[in-house]
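>>> based on what follows, work out the 3D shape:
(one chain, ligands or ions: 1)
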Amino acid sequence: MRALLFSGGVESTCLAAMTKPDLALTINYGQVCAPGEIRAAKHIASLIGMSHRVVEASLGHLGAGDMTGIPSEEVEGRVPEHWPFRNQMLLTVAAMSLAGCDLRELIIGTVLTDRVHNDGTPEFLSAMERLLQTQLSDFKLSAPASTITTDDLVRRSGVTRDLLGWTFSCHRAEVACGACRGCNKSLELFARLECEDGAAFPTKSSTESEASS
Ligand SMILES: [Zn+2]
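Numbering: from 1, shown residues only. Below is the predicted model:
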């Protein structure tokens, strides 16, 4: 079994098209944007003919940052959506939900700019793979986009602009707020893509490159 962590966002949608997993998992861990993620993920999965499952693991009371509505500790350089131990939790919950399914590969949509998060670094990914391998033989953790940007991932994936238009990336609400880092990154990406190919995309006055670095 090869499974993809699928939030219905741009990166995991590109990876769904590229890696064709046996199953895509959307985890409702209590993030305020979960209904929007689940709605987008279900629709995109149906469009590309991918098996999809929603896993319930309510942990919002243990989180912090934009995705919970609970302010996170202010630390210099830390982004507002920082949720301590988030990716560690998501990978663990995914592995737990697939216990007994002969899980051989988990695919996560980490991209180069996620290195601003402690749990988006190459060190984290290799440590998590080793940790999961202690309980899963013949297992690998894949992050196929961890050394490239979202823009490069979109280009390589070949996903259509129509499909990308169904993605959901808001951190703060179940309907895109248009103001958080997740929404801004998507709007800026769509504006850049529109410049490249003239496709009709939602636009925003600012087309500055991603602020996360
Ligand atoms: Zn938003």
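>>> what's the burial count for the residue nearest to Met67 when sequence neighbours are not counted?
For Met67, ignoring the flanking residues on the chain, the nearest one in space by CB to CB, 6 or more residues apart in numbering is Gln31 at 4.3 Å. Glycine gets a C-beta too; all of them are placed from N, C-alpha and C. The tally of other residues near Gln31 (other CB atoms under 10 Å) stands at 26.
>>> was I right about Gln31 contacting Gly69?
No. Counting by CB atoms under 8 Å, Gln31 stays clear of Gly69, with 9.6 Å between them.
>>> sorry, back to before: quick check on the residue nearest to Met67: phi, psi?
phi -70, psi 140 (degrees, to the nearest 10).
>>> show me what contacts it?
Neighbour list for Gln31: Glu37, Gly60, Gly63, Met67, Thr68, Trp83, His171 [criterion: CB atoms under 8 Å, 6 or more residues apart in numbering].
>>> and the fourth one, how far is that from Leu98?
For Met67, the distance to Leu98 equals 23 Å [CB to CB, to the nearest Å].
>>> okay, these two: which has more neighbours?
Using other CB under 10 Å, the more surrounded residue of Met67 and Leu98 is Met67, with 25 against 19.
>>> for the lowest-mean-pLDDT helix or strand in the chain, which positions count as buried?
Across the helices and strands of the chain, mean confidence by mean pLDDT, DSSP states H and E is lowest for helix 181-197: a mean of 91. Going by neighbour count (16 or more other CB atoms under 10 Å), the buried part of helix 181-197 is 181-194.
>>> ok, it near the ion or not?
Yes. Interface with the ion: helix 181-197 contributes Cys183 (CB under 5 Å from the ion).
>>> show me the helices in the protein, by range?
Applying DSSP state H to the chain gives helices spanning 10-19, 34-48, 86-97, 122-133, 150-157, 161-164, 181-197.
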